[in-house]
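Asker: pasting the sequence and the predicted model now:
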Number of protein chains: 2
Amino acid sequence: MRDTYHEDLDALSDRLIEMTRLARHAIARATTALLDADLAAAQEVISGDEELNRLDEEIEQSAFDLMARQQPVAKDLRTIITALHMAGDLERMGDHAVHIAKIARRRHPDSAIPTELRSIVLEMGHQAELLVIKAGEVVADRDAETALELDKDDDRMDRLRRKLLERILNEGWSHGVEATMDVTLAGRFYERFGDHAVHVADNLVYLVTGKKPKDYESEV
Amino acid sequence: MRDTYHEDLDALSDRLIEMTRLARHAIARATTALLDADLAAAQEVISGDEELNRLDEEIEQSAFDLMARQQPVAKDLRTIITALHMAGDLERMGDHAVHIAKIARRRHPDSAIPTELRSIVLEMGHQAELLVIKAGEVVADRDAETALELDKDDDRMDRLRRKLLERILNEGWSHGVEATMDVTLAGRFYERFGDHAVHVADNLVYLVTGKKPKDYESEV
């Protein structure tokens, strides 16, 4: 039987996995809001962010209580510290989904994304979903090997963003200042969303191995 | 005489204050790089960021050691947890200065900022410096009252950013796509820099009072 202490540690992990689910839903709906000028989807992302903030605070409070009541060392302490970091990253992933939703809301009933960029933005949205789903899986499975893959997966997001910016800088771009700003920022928000997913995976590597990803990778 | 434990706790605070100094220097040089197309300044910001990253890692390692060796509770534990948060914020402030320096480097020998926007960007740079200096002061003095002011100080940054965006969206804007992108992103980086300074101050309020700024403010 698990004691309360270890149940509380496990609960940290459950909350983190729940946060990855919420962040995935948020970025998926934000992409819909952006591409389809879907105001209801945008509103849903914006108001739904409260739940991610609440979980982040719960994790912080619980981590604080655990450290104050127990004297966690080694791996238990790493579980608590990495949970704090991961929760912070997931909370910010929610913020980036909100930023994207707000671009959509601002341009409604128009779409902020010109027709010829829709496929790239859709791919960025899909890649963002993939990254956060995978982050959730490696946290659930404590799978340091797979966690190391996220850095490479994120390279694809970076390539998509570069492609997006090349299109804007292309001679043929004729969409005016608002569209330029919207696409520039949306691209950055997707990229940052991906970066934070990689951070979550990096923290999982540290949790499992006690080593930073680069040091661990050079050993395996 | 202070024992090693309390010396280590104090050292956390010293490192944080050093980080605010480095972050202030970074944003000041980044603004110079941006406005004067100063490549040397840009390079200095980019390579200097390593020092901020190193301090962030030192604080994290030290926090971890302190928690593992001691059984910090109450305020000592808050000192450690808030140091982790503040270091993370200051490290990201350095990143935002680097992002700004990279815009300058990309456009060199041209300036990324059109003449008519120089004064607004200069003001944003000054406001960023003010925010991080003030964050350093409240951390050094453990001054929760003054820490509460940063949120208002940051409103000025938000106003400056809105002014910047209004100029870009104005009919008279004639600077093409690259300038639109550069100014849009630079504006966002200054805004984020300010947000993180507010987070540092918020954490100081929590450290001193044990309450989140909003709960504390409603009592004073």
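Answerer: Looks like it arrived, so ask away.

Asker: all helices of chain A, in order?
Answerer: Taking DSSP state H as the criterion, chain A carries its helices at A:4-36, A:39-69, A:74-107, A:118-141, A:144-147, A:150-169, A:176-209, A:213-217.

Asker: pLDDT on stretch A:3-18, on average?
Answerer: Averaging pLDDT along stretch A:3-18 yields 93.

Asker: again, but for stretch A:23-31
Answerer: On average, stretch A:23-31 scores 97.

Asker: on that earlier part again, redo the helices of chain A as JSON lines? Include distance to chain B.
Answerer: C-betas here are computed from N, CA, C, even on glycine. Formatted as JSON lines, these follow (distance: least, C-beta to the nearest C-beta, whole Å):
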{"stretch": "helix A:4-36", "distance to chain B": "14"}
{"stretch": "helix A:39-69", "distance to chain B": "5"}
{"stretch": "helix A:74-107", "distance to chain B": "6"}
{"stretch": "helix A:118-141", "distance to chain B": "16"}
{"stretch": "helix A:144-147", "distance to chain B": "19"}
{"stretch": "helix A:150-169", "distance to chain B": "6"}
{"stretch": "helix A:176-209", "distance to chain B": "5"}
{"stretch": "helix A:213-217", "distance to chain B": "12"}
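
Asker: to residue B:183, which of those lies closest?
Answerer: Residue B:183 sits nearest to helix A:176-209 of all the helices of chain A, at 8.9 Å, using C-beta to C-beta.

Asker: okay, and for chain A, where does confidence drop off?
Answerer: A:1-2, A:220 (pLDDT under 70).

Asker: could you rerun that using 90?
Answerer: A:1-6, A:64-65, A:67-74, A:169-172, A:176, A:212-220 (pLDDT under 90).

Asker: go ahead and flag the most central residue of it.
Answerer: The centre of chain A sits closest to residue A:93, judged by C-alpha atoms, centre = their mean, with a distance of 3.8 Å.

Asker: ok, and the closest non-adjacent residue to it?
Answerer: Nearest residue to residue A:93 in three dimensions, chain neighbours excluded: residue A:23, at 4.4 Å (C-beta to C-beta, 6 or more residues apart in numbering or on different chains).

Asker: also residue A:212?
Answerer: residue A:206 (6.1 Å).

Asker: surely the one you found is in contact with residue A:79?
Answerer: No - between residue A:206 and residue A:79 there is no contact under C-beta atoms under 8 Å: 10.6 Å.

Asker: coming back round to it: contact partners for the residue nearest to the centre of chain A?
Answerer: Applying C-beta atoms under 8 Å, 6 or more residues apart in numbering or on different chains to residue A:93 gives the contacts A:23, A:26, A:27, A:52, A:132, A:193, A:196, A:197.

Asker: can I get these in TSV including neighbour count and distance to residue A:187?
Answerer: TSV is the format used below for the contacts of residue A:93 (neighbours: other C-beta atoms under 10 Å in any protein chain shown; distance: C-beta to C-beta, whole Å):
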residue	neighbour count	distance to residue A:187
A:23	32	19
A:26	28	18
A:27	30	14
A:52	24	22
A:132	29	18
A:193	31	11
A:196	24	15
A:197	31	16
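
Asker: greatest separation within these: which pair is it?
Answerer: A:52 and A:197 (13.9 Å).

Asker: please list all residues in contact with residue A:122.
Answerer: Neighbouring residues of residue A:122 by C-beta under 8 Å, 6+ apart: A:31, A:35.

Asker: re the thing from before, please name the residues that touch the residue nearest to residue A:212.
Answerer: A:78, A:82, A:212, A:213.

Asker: make TSV from those and add neighbour count to it.
Answerer: Listed next are those as TSV, based on neighbours: other C-beta atoms under 10 Å in any protein chain shown:
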residue	neighbour count
A:78	19
A:82	23
A:212	13
A:213	20
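
Asker: of these, closest to residue A:14?
Answerer: Out of the contacts of residue A:206, the member with the shortest distance to residue A:14 (by C-beta to C-beta) is residue A:82, at 14.6 Å.

Asker: next up, the contacts around residue A:153.
Answerer: Residue A:153 sits next to A:127, A:130, A:131, A:134 when contact means C-beta under 8 Å, 6+ apart.

Asker: then residue A:198?
Answerer: A:131, A:150, A:151, A:154.

Asker: residue A:90: neighbouring residues, count only.
Answerer: Neighbourhood size, residue A:90 [other C-beta atoms under 10 Å in any protein chain shown]: 31.

Asker: so residue A:193 makes contact with residue A:129?
Answerer: No - using C-beta under 8 Å, residue A:193 is not in contact with residue A:129; the gap is 9.6 Å.

Asker: quick check: neighbours shared by those two?
Answerer: Joint contacts of residue A:193 and residue A:129 (C-beta under 8 Å, 6+ apart) are residue A:27.

Asker: about what we covered before: identify the farthest-apart pair in the contacts of residue A:198.
Answerer: Using C-beta to C-beta, the two most remote members of the contacts of residue A:198 are A:131 and A:151, lying 10.3 Å apart.

Asker: between the two, which is the more surrounded one?
Answerer: residue A:131 (29 against 14).

Asker: run through the residues that contact that one.
Answerer: A:150, A:153, A:154, A:157, A:193, A:194, A:197, A:198.

Asker: try it again at 10 Å.
Answerer: A:20, A:23-24, A:27, A:93, A:150, A:153-154, A:156-157, A:190, A:193-198, A:200-201 (C-beta atoms under 10 Å, 6 or more residues apart in numbering or on different chains).

Asker: just residue A:162 next, same as before
Answerer: Contact analysis of residue A:162 by C-beta under 10 Å, 6+ apart lists A:187, A:191.

Asker: next: residue A:197.
Answerer: Neighbouring residues of residue A:197 by C-beta under 10 Å, 6+ apart: A:20, A:23-24, A:27, A:89-90, A:93, A:127-136, A:150, A:153-154, A:157.

Asker: how about it: what's its closest non-neighbour residue?
Answerer: Ranked by C-beta to C-beta, 6+ apart and with sequence neighbours excluded, the top spatial neighbour of residue A:197 is residue A:131, at 3.8 Å.

Asker: burial check on the nearest residue to residue A:68 once chain neighbours are set aside, number of neighbours?
Answerer: Among residues not flanking residue A:68 along the chain, residue B:73 sits closest, at 4.8 Å (C-beta to C-beta, 6+ apart). Using other C-beta under 10 Å, residue B:73 has 13 other residues around it.
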